[in-house]
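Visitor: Kindly return the folded structure for what I paste below:
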Amino acid sequence: MENKTKLAFEKVQLARNPERPYSMDLFTTIFSEFMEIHGDRRYADDPALICGFARIDDDEVVVIGQQKGRDTNQRRFRNFGMSKPEGYRKALRMMKLAEKFGRPVICFIDTPGAYPGIDAEERGQAEAIAFNLREMAGIKIPTIAVVLGEGGSGGALAIGIGDRVLMLENAVYSVITPEGCAAILWHDKDKASRAAECLRLTASDLQEFGLIDEIVSEEPSDWKFSLEKESEVQASFEANAENLKRVIIRNLNELNALGERQRLQLRFQKFREMGNWKSGF
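Guide: Next up is the predicted model:
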């Protein structure tokens, strides 16, 4: 039990490692011709959530990703990857454009959760998330969601309803952070490692429960992305990026081979089965 508890919290720490790649790193590596689109056409632009058009090999796609920022100024500008309502509405605007032009949508998830500030609540944070969930469930084009680092609660789920949900080997995906869970259950944030194990938030746990479709391996144990781009570090990043690209392309090809009706039925069935009680866990 102690080793499993330690392993779960180690995964959380790896998922939060600022040297791991963020969405923008992959938008300019895996994809080509990336063109960012700003604003939700209702209030403002949200730098915590980045959207745009791009190509992956010969396929035209729409990409959506949460961005944390590495230094202090970038973290403040990106609001630590915590989106506000305008961010989720911008994402939905891009999904509707993707549907109009028949382009698949690829979403990169990396957030501790949606921004909980009073200004976000005043502008309809919960409504924006709920609306995205409904619209993504019925969108007619192929959708792929990839959990890059942290997948936190509704803030992650708002762009996470995909035909295929992929998860990097050292990412985590949960309804709450281990620290938040520990504070609620035991009134002690120091029990975060115990909470991490109880939450079953690792990629292997989630695949066992049927909540994700595929785990994307990472070699070595971390991407070790670096702004200095040292040769060994950069080689590790590029190898992992290329592996993720192959997985995305394979899943896109499989989804494109399905008819629209069949794809929607499979999506509905997958999410409908989540939460069913199963013995043996």
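
Visitor: which strand is the longest one in this protein?
Guide: Scanning the chain for the strand with the most residues, using DSSP state E, yields strand 143-152.

Visitor: Please work out the average pLDDT along that strand.
Guide: Per-residue pLDDT over strand 143-152 has a mean of 95.

Visitor: could you point out which element follows that strand?
Guide: helix 153-157 (DSSP states H and E).

Visitor: Report the distance from that next one to the chain centre.
Guide: How far helix 153-157 lies from its chain's middle: 9 Å, per Cα atoms, centre = their mean, to the nearest Å.

Visitor: With stretch 71-89 instead?
Guide: 15 Å.

Visitor: show me what contacts V62?
Guide: V62 makes contacts with C51, G52, F53, A54, M94, M95, L97, A98, R103, P104, V105, I106, as judged by Cβ atoms under 8 Å, 6 or more residues apart in numbering. Any C-beta I mention is one placed from the backbone N, CA and C, and that applies to glycine too.

Visitor: Next one: it relative to M82, how far apart?
Guide: Separation of V62 from M82 (Cβ to Cβ, to the nearest Å) stands at 22 Å.

Visitor: Kindly report the same for T202.
Guide: 22 Å.

Visitor: Who has more neighbours out of these two?
Guide: The residue with more neighbours, out of T202 and M82, is T202; 26 against 22, by other Cβ atoms under 10 Å.

Visitor: I figured the more buried one was touching L14, is that so?
Guide: No. When contacts are counted by Cβ atoms under 8 Å, T202 is not listed as touching L14 (10.1 Å).

Visitor: okay, and the common contacts of these two?
Guide: Contacts common to T202 and L14, judged by Cβ under 8 Å, 6+ apart, are absent.

Visitor: so the closest residue to I184 other than its chain neighbours, which of the three states?
Guide: Counting by Cβ to Cβ, 6 or more residues apart in numbering, I176 is the residue found nearest to I184 once chain neighbours are left out, at 7.8 Å. Using DSSP: H, G, I helix; E, B strand; the rest coil, the three-state assignment for I176 comes out as coil.

Visitor: Phi and psi next, for I176.
Guide: When quoted as degrees, to the nearest 10, the phi and psi of I176 stand at phi -160, psi 160.

Visitor: Give me the pLDDT for it.
Guide: Value for I176, per-residue pLDDT: 91.

Visitor: Count the residues that sit near it.
Guide: 17.

Visitor: List the contacts of it.
Guide: By Cβ under 8 Å, 6+ apart, the neighbours of I176 are G152, S153, I184, L199.

Visitor: quick one: the last one from E214, how far?
Guide: Look at L199 and E214: by Cβ to Cβ, they are 21 Å apart.

Visitor: for the third one, same thing?
Guide: In this structure, I184 and E214 are 31 Å apart, going by Cβ to Cβ.

Visitor: ok, now A257?
Guide: Distance of A257 to E214, given as Cβ to Cβ: 17 Å.

Visitor: again with D163
Guide: 12 Å.

Visitor: Regarding the closest residue to F31 other than its chain neighbours, what are the backbone dihedral angles?
Guide: Spatial nearest neighbour of F31, chain neighbours left out: A54 (3.8 Å); criterion: Cβ to Cβ, 6+ apart. Torsion angles at A54 (phi, psi; degrees, to the nearest 10) stand at phi -160, psi 180.

Visitor: Now for A54: which residues touch it?
Guide: A54 makes contact with F27, F31, S32, E33, F34, M35, E60, V61, V62, V63, according to Cβ under 8 Å, 6+ apart.

Visitor: Kindly report the same for D59.
Guide: Residues near D59 by Cβ under 8 Å, 6+ apart: P104, I249, L252.

Visitor: Dump those residues into TSV; add distance to G39, secondary structure and pLDDT as well.
Guide: Shown next, in TSV, are the contacts of D59 (distance: Cβ to Cβ, whole Å; DSSP: H, G, I helix; E, B strand; the rest coil; pLDDT from 0 to 100):
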residue	distance to G39	secondary structure	pLDDT
P104	22	coil	97
I249	30	helix	96
L252	27	helix	96
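
Visitor: What's the PyMOL syntax to select whichever of these are buried?
Guide: Those of those that count as buried under 16 or more other Cβ atoms under 10 Å are selected in PyMOL with:
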select buried, resi 104+252
